[in-house]
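>>> Curious how this folds, go ahead:
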Amino acid sequence: MKRPRHRCAGENLGRVLDRREDGLPEPLQICDALDRNEPADHKTELCHCLVHARRQFVEIQTSFPEECRKVVDCLKDVYRVEAECREQGVGVQERLQRHKTWSKPVLENGGRSSGRIFRNQWNRKR
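Numbers count the residues shown, from 1 in each chain. From the prediction side, this is the model:
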């Protein structure tokens, strides 16, 4: 499908999903966290790209070294789960289940605490 340049990723994905057969489970959508990447008229299971997220923390680590280290350390645990899945050759569904079981709590807990720390630091530095 030819994609016009003036559309966002979510709009283009929406056009592709318009052609999708009804009754199928929600597709997995891997993208960064920009809301423009999400299709407006279709539900997908979002799998945000951790490479993009990690890069953002690495870019600001000189301003927030301790807080960024905590986040990057959390991501190491997620990458470890991924490496184990690859080493063991598990299927896509098993890999997804392992990430939901092991990675999701790490990200949720790390995200909450780092978000609170960043807000406090930001308010102090302003």
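
>>> When you work out contacts or count neighbours from here on, use the C-alpha atoms and nothing else.
Fine.

>>> what about the biggest helix by length in the chain, average pLDDT?
Looking across the chain with DSSP state H, the single longest helix is helix 65-88. Regarding helix 65-88, the rounded mean pLDDT is 91.

>>> May I have the beta-bridge partners of the most centrally placed residue in the chain?
Most central in the chain under CA atoms, centre = their mean is His48, positioned 2.0 Å from the mean C-alpha point. As for beta bridges, His48 partners with Cys31 under DSSP bridges.

>>> Show the model's pLDDT score for it.
For His48, pLDDT reads 75.

>>> What of Glu59?
91.

>>> Can you get me a residue count around it?
11 (other CA atoms under 10 Å).

>>> And it, how close does it get to Lys76?
17 Å (CA to CA, to the nearest Å).

>>> pretty sure the residue nearest to the centre of the chain is touching Ala33, no?
Yes. If you go by CA atoms under 8 Å, His48 and Ala33 touch, sitting 5.9 Å apart.
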